[in-house]
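Undergrad: 3D model of this:
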Amino acid sequence: MWYDGIFESLLALRDEARAPQMSAYMRNQFPFLGISTGPRKAAYKKFLTTAKKDKNVDFDFVDLCFERDEREFQYAGVDYLLAIQNLLSPEDLPKLKQYIQTKSWWDTVDGLDGVVGSIVQRYPECKPILLEWSVEDNIWLRRVAIDHQLGFKEKTDTSLLAEIIKNNLNQKEFFINKAIGWSLRDFSKTNPDWVRAFLSAHEDGLSNLSIREGSKYV
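TA: Numbers count the residues shown, from 1 in each chain. I've put the predicted structure just below:
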């Protein structure tokens, strides 16, 4: 398989002194091998280059990554999906939904929202699915729905963005309110007037965190 050697390469970089610090940073929710970002990505760079040439989506590899205990393996799975994101289609959203809800935390979820965003940008017919996610009980699906248009700039669907955020007003969940702030802040670089008007119209339902983040550039 194209990924033969990835797991061994990562295991060879294990740093048992660094691992507890990395785990603590993630509130001790996951064990770590203790590999920093640069060496980790370097360990599988050549493998991802091969994978992109293959033109096939290998969910077996991602499944294996999410089955492993150490967090670096999940990072490898997400990095793979980011590398081959242009090969993904609407039919793959259920699988991505599964990964978003597996061993969930901001570190993997925020990578996956870019993968989901790539699909939605290429297949606008998927937008209703993100609206559905925006009212799910799972906070991470809602976070992806809120942030999946990050970086869309002038291609941002403002009606969709507004609807999704309005579905998440009056929240106490930090990761939801932070996501709202980020989405507004990001789009304010493209259309500050729209963001300013949205903040004003929905001030009562937005948290202080969302307002602070969203108004940073307006």
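Undergrad: quick one: least confident helix or strand in this protein?
TA: helix 37-54 (a mean of 94; mean pLDDT, DSSP states H and E).
Undergrad: element containing the residue nearest the centre of the chain, please.
TA: Centroid-nearest residue in the chain, with C-alpha atoms, centre = their mean: Asp110, separated by 2.4 Å. Element membership of Asp110 [criterion: DSSP states H and E] is helix 106-122.
Undergrad: sorry, back to before: list the contacts of the residue nearest to the centre of the chain.
TA: Shown in contact with Asp110 (C-beta atoms under 8 Å, 6 or more residues apart in numbering): 143, 147. (C-beta placed from N, C-alpha, C; glycine too.)
Undergrad: I'd like the distance from the least confident helix or strand of the chain to the chain centre, please.
TA: 19 Å (C-alpha atoms, centre = their mean, to the nearest Å).
Undergrad: which of the residues in it are buried?
TA: 40, 43-44, 47-48, 51 (16 or more other C-beta atoms under 10 Å).
Undergrad: farthest pair within those residues?
TA: Greatest spacing in the buried residues of helix 37-54, by C-beta to C-beta: Arg40 and Ala51 (16.1 Å).
Undergrad: helices or strands next to the least confident helix or strand of the chain in the packing?
TA: helix 6-12, helix 71-83 (3 or more C-beta pairs under 8 Å, 6 or more residues apart in numbering; DSSP states H and E).
Undergrad: now the longest one: mean pLDDT?
TA: Yep, that's helix 71-83 we're talking about. Mean per-residue pLDDT for helix 71-83: 98.
Undergrad: which strands or helices does that helix pack on?
TA: Packed against helix 71-83 by the contact rule (3+ C-beta pairs under 8 Å, 6+ apart) you find helix 6-12, helix 37-54, helix 59-67, helix 93-100, helix 106-122.
Undergrad: average pLDDT for whichever helix or strand comes after the shortest one, rounded please.
TA: Note on helix 6-12: by DSSP H and E, the next helix or strand toward the C-terminus is helix 19-25. Helix 19-25 carries an average pLDDT of 98.
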